[in-house]
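S.K.: Below are the sequence and a predicted model for it; my questions follow.
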Amino acid sequence: AGLKPVIAPPGSRPSALGMARLRAGAPRRCAAAPWLLGLGLASSFASGLAQQQGTVEYCARPGDCAALLTNEAMPARVCAEPEHLAGRLTWPFRPLRFRFVVTEARASAPAKGGSPQVYFTALPRGFCSLGVFPRSMCRECEHTRCRARTVTSWVNDRVHDFYLPPYGGCMYIRGLPEGVARAMVSWETPFDPTVLLYIAVGLILLWGWERMRENVTVHMGIGAVGCLVIVSIVVLWWLMREMRGAVHGTVPFSRTVTSLGFALCALVPAAREWLWGYMIPWTGQDWAAWFDWWKSMRDPFWDLPIGQISMLLAASIIAATVAFGAQLGMRHFATPPDPEGDVPFTIGPDGRRIDALPPRPWAQNLLGFVIWASGAALLLFSTHVDAVSLCLLVAALAFDRIMHFLKLRWMLRASTRPEAFRQLVPRSAFEAEAREFTARAMERLQEHLQRNPRAFRSVREDSELRLRRFSDGGAHFQPPPDMLEMDSRRTCIIS
């Protein structure tokens, strides 16, 4: 209901059954050849197979849905129009989302949580288009269809999301999940909260890397997680070896089958997802059922709670591993103790004292670099527009200089001007008054020398002659020859 009629795409062929009916004709229906019966059966099989593939509805806008994809027109091309894109100012926070929702599943073959086969074409990222990244790190998806990464909802496994850059692109649907009879696709521009999370974590790592590399809690956490990961890998390797040894000699080609099974899980994402979905619970009900089953496990001979004992033993091993790793991390990243007694020091260019302390360990320096590089990488890929992410990283790196400049400008703006305290004297009046006071001072000095001739002997012999000339009315200052050639505005004032 509410679907528009489907028009066969250019280049499509009519079904085999329709061709058979055109060739046989209505009057010759009873005289059909045996090969026509086989062709009809093949057509019926093809029609049944096409019906199993399902139907897709495309909703360009709410309430305006059309049957876009039919069984004969796969793959279907769905391109984002300008009306589907968010505003340019919101591009860093609003990616373009292509939502695939399973609306109807077959009763005979219900959907098993598989993902549709969707490909996309879009312009390259900003860093790739500018040549910042090498070609090996950039996917050529402008002229070649690339496989889109599926993001399945944790709440509803019938909802599959595919994300494109905020400037748009095209999606190509090649296949539907198993057991899907009808699905609906649409374009959305949701707000991405992970952008703010990436920015916050990136700024914390970029600005606090010096404190974090010396933090004991960070050292303990790194040691605990690293030790737990190493122990898990060793246990997994031991289980793999024991499994291969247990089935060897009992199952034919056991080692080959085991190796192929691990390779299948490592190279085929669908097999890995199926195995994880079968072994690991995802929802709250699955976790509750898993714990109930584990706690109800008992020994058939002595009726011992094997499940609870194994859970307690596993928790004890994990706690011991974490404690050992925390102590190991503290010893490995520890800062050398401060020296006792007299400490040699130097005076820096700004006048502060710089003590000659023992150097930091290389592990701590490496940890600081890793923390700083992690923060820079998070900021560099924080938003959905690479130019904005790059500007954000540059602003974060120059934040101290920017704040210092703004603080100086604010202090200059908030400072009190001299004219707020008294009326200022014009420069011409100040210079005239300075010359007048200087002349008066020179006259009083000449009078003092004339009244006290003994004052000539209080200076050096090379200055006595100049002082006598000054008392007779000579100049009080004779500039050197090199200073006469200089264009200087400096004056000497005696008051």
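M.R.: That came through fine.
S.K.: how near is L357 to P337?
M.R.: To P337, L357 is 10 Å away according to Cβ to Cβ, to the nearest Å. Every residue, glycine included, has its C-beta placed from N, CA and C.
S.K.: helix or strand for R174, which one?
M.R.: strand 170-175 (DSSP states H and E).
S.K.: Partner strands of that strand and their direction?
M.R.: strand 76-79 (antiparallel), strand 117-121 (antiparallel) (DSSP bridges).
S.K.: Name the stretch among the ones you listed that sits most buried.
M.R.: strand 117-121 (a mean of 19; mean count of other Cβ atoms under 10 Å).
S.K.: Can you give the contact residues for that one?
M.R.: 75, 98, 100, 141-148, 150, 162, 164, 169-176 (Cβ atoms under 8 Å, 6 or more residues apart in numbering).
S.K.: so what's I204 scoring on pLDDT?
M.R.: Looking at I204, its pLDDT is 94.
S.K.: Please apply the same query to P358.
M.R.: P358 is given a pLDDT of 79.
S.K.: which residue sits closest to it, ignoring its sequence neighbours?
M.R.: Leaving aside its sequence neighbours, P358 sits nearest to P336 (Cβ to Cβ, 6 or more residues apart in numbering; 4.2 Å).
S.K.: who touches the one you found in this structure?
M.R.: If you count contacts by Cβ under 8 Å, 6+ apart, P336 has them with L357, P358, P359, R360, P361.
S.K.: got those residues as CSV, with neighbour count and secondary structure columns?
M.R.: Listed next are those as CSV, based on neighbours: other Cβ atoms under 10 Å; DSSP: H, G, I helix; E, B strand; the rest coil:
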residue, neighbour count, secondary structure
L357, 13, coil
P358, 10, coil
P359, 8, coil
R360, 15, coil
P361, 14, coil
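S.K.: Nearest to R460 among those residues?
M.R.: Using Cβ to Cβ, L357 is the member of the contacts of P336 that lies nearest R460, at 52.9 Å.
S.K.: packing partners for the lengthiest helix in the chain?
M.R.: Ranked by residue count, the top helix of the chain under DSSP state H comes out as helix 216-247. In this structure, helix 216-247 makes packing contacts with helix 254-267, helix 306-332, judged by 3 or more Cβ pairs under 8 Å, 6 or more residues apart in numbering; DSSP states H and E.
S.K.: Paired strands for the helix or strand following the longest one, with orientation please.
M.R.: Following the chain from helix 306-332 toward its C-terminal end, the next helix or strand by DSSP H and E is strand 345-347. The strands that strand 345-347 pairs with in its sheet are strand 353-355 (antiparallel) (by DSSP bridges).
S.K.: From the chain's centre, how far out is the partner strand? Work that out for me.
M.R.: Computed by Cα atoms, centre = their mean, to the nearest Å, the chain-centroid distance of strand 353-355 equals 39 Å.
S.K.: buried set for the helix or strand that comes right after it?
M.R.: Sequence order places helix 362-380 as the next helix or strand after strand 353-355, per DSSP H and E. Applying a neighbour-count criterion of 16 or more other Cβ atoms under 10 Å, one finds Q364, L367, G368, I371, W372, G375, A376, L378, L379, L380 buried in helix 362-380.
S.K.: Can you tell me which of those is nearest P124?
M.R.: For these, the nearest to P124 is L380 (16.2 Å; Cβ to Cβ).
S.K.: Would you quantify the distance from that closest one to G202?
M.R.: L380 is 8 Å from G202, by Cβ to Cβ.
S.K.: again, but for A148
M.R.: Taking Cβ to Cβ, one finds A148 at 26 Å from G202.
S.K.: And for F405?
M.R.: To G202, F405 is 23 Å away according to Cβ to Cβ.
S.K.: tell me the secondary structure for D161?
M.R.: strand (DSSP: H, G, I helix; E, B strand; the rest coil).
S.K.: what's the answer for the one 5 residues further on, then?
M.R.: Going by three-state DSSP, the secondary structure assigned to P166 is coil.
S.K.: who's in contact with the nearest residue to it once chain neighbours are set aside?
M.R.: With sequence-adjacent residues excluded and distances taken as Cβ to Cβ, 6+ apart, P166 is closest to W91, at 3.9 Å. Each residue near W91 by Cβ under 8 Å, 6+ apart is listed here: P166, Y167, H384, V385, V388.
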